[in-house]
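# Got a sequence here, can you build the structure:
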Amino acid sequence: MPKINGNEIRPGNVLEHNGGLWAAVKVEHVKPGKGGAFAQVELRNLRNGSKLNERFRSADKVERVRLEQRDMQFLFESDGLLTFMDTETYDQVTLPAEILGDRRPFLQDGMTIQVEFYESEALNATLPQKVTCRIAETEPVVKGQTAANSFKPAVLDNGVRISVPPFVGQDEDIVVNTETMEYAERA
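Modelled structure (predicted):
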């Protein structure tokens, strides 16, 4: 595995540190008035989700880990565990449902997502950036409501509440950005 200097750590990097695998969440480069510069890094443990704040000086060496990304198909959920299948080898992998956090409702049956592996251990899952959902309920269109930036509340078929433009009606399919959890476009 390649070693990098402490000042080369970027958000999203996966590091081997203190015997565990950590993802860099936030990186802030600090140049104090006295002493050498350092990177203040917020790390999240990929195995148990705990957080850690560390300082890395430019002379510090850390091991950067590359995770293998595989496309897998979502099969089912039981007892808080999500089961995915590799579409090439038909191997099945289970991950805890909380790994998706508040984006969990956007996971649909048969959806293909990216699962990240370290050696043969599944560590993380990422939803596609855009998902198509149906609007379960929303307010009717009000005539004359043409304000440039007006949105109205809507509830999706998965129970998530978002804001949509006034021209979108009930039972319409829309595309939702799963990173920002906002309306993207009509489907």
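# C-alpha from now on. contacts and neighbour counts both.
OK.
# mind giving me the domain split of the protein?
Per automatic domain parsing, the structural domains of the chain span 3-65, 68-126, 130-186.
# Partner strands of the helix or strand of the chain with the lowest mean pLDDT, with direction?
Using mean pLDDT, DSSP states H and E, strand 121-126 stands out as the lowest-scoring helix or strand of the chain, at a mean of 86. Strand pairing for strand 121-126, using DSSP bridges, gives strand 112-118 (antiparallel).
# If you count neighbours, what's buried in the partner strand?
Residues 112-117 are the ones in strand 112-118 that count as buried (16 or more other C-alpha atoms under 10 Å).
# rewinding a little: right, and the helix or strand after the least confident helix or strand of the chain?
Sequence-wise, the next helix or strand downstream of strand 121-126 (DSSP states H and E) is strand 130-138.
# Flag the shaky bits of the chain, pLDDT-wise.
Residue ranges of the chain with pLDDT under 70: 1, 142-148.
# Skipping its backbone neighbours, what lies nearest the most centrally placed residue in the chain in space?
The centre of the chain sits closest to residue 126, judged by C-alpha atoms, centre = their mean, with a distance of 5.3 Å. Spatial nearest neighbour of residue 126, chain neighbours left out: residue 114 (5.2 Å); criterion: C-alpha to C-alpha, 6 or more residues apart in numbering.
# before we move on, the earlier item: ok, the residue nearest to the centre of the chain - contacts?
Residues near residue 126 by C-alpha atoms under 8 Å, 6 or more residues apart in numbering: 100, 113-115.
# Residue 67 too?
For residue 67, the contacting residues are 14, 116-119, by C-alpha under 8 Å, 6+ apart.
# repeat for residue 74
By C-alpha under 8 Å, 6+ apart, the contact list for residue 74 reads 82-85, 107-113.
# can you check residue 60 too?
Contacts of residue 60 (C-alpha under 8 Å, 6+ apart): 5-6.
# how about 10 Å then?
3-7, 38 (C-alpha atoms under 10 Å, 6 or more residues apart in numbering).
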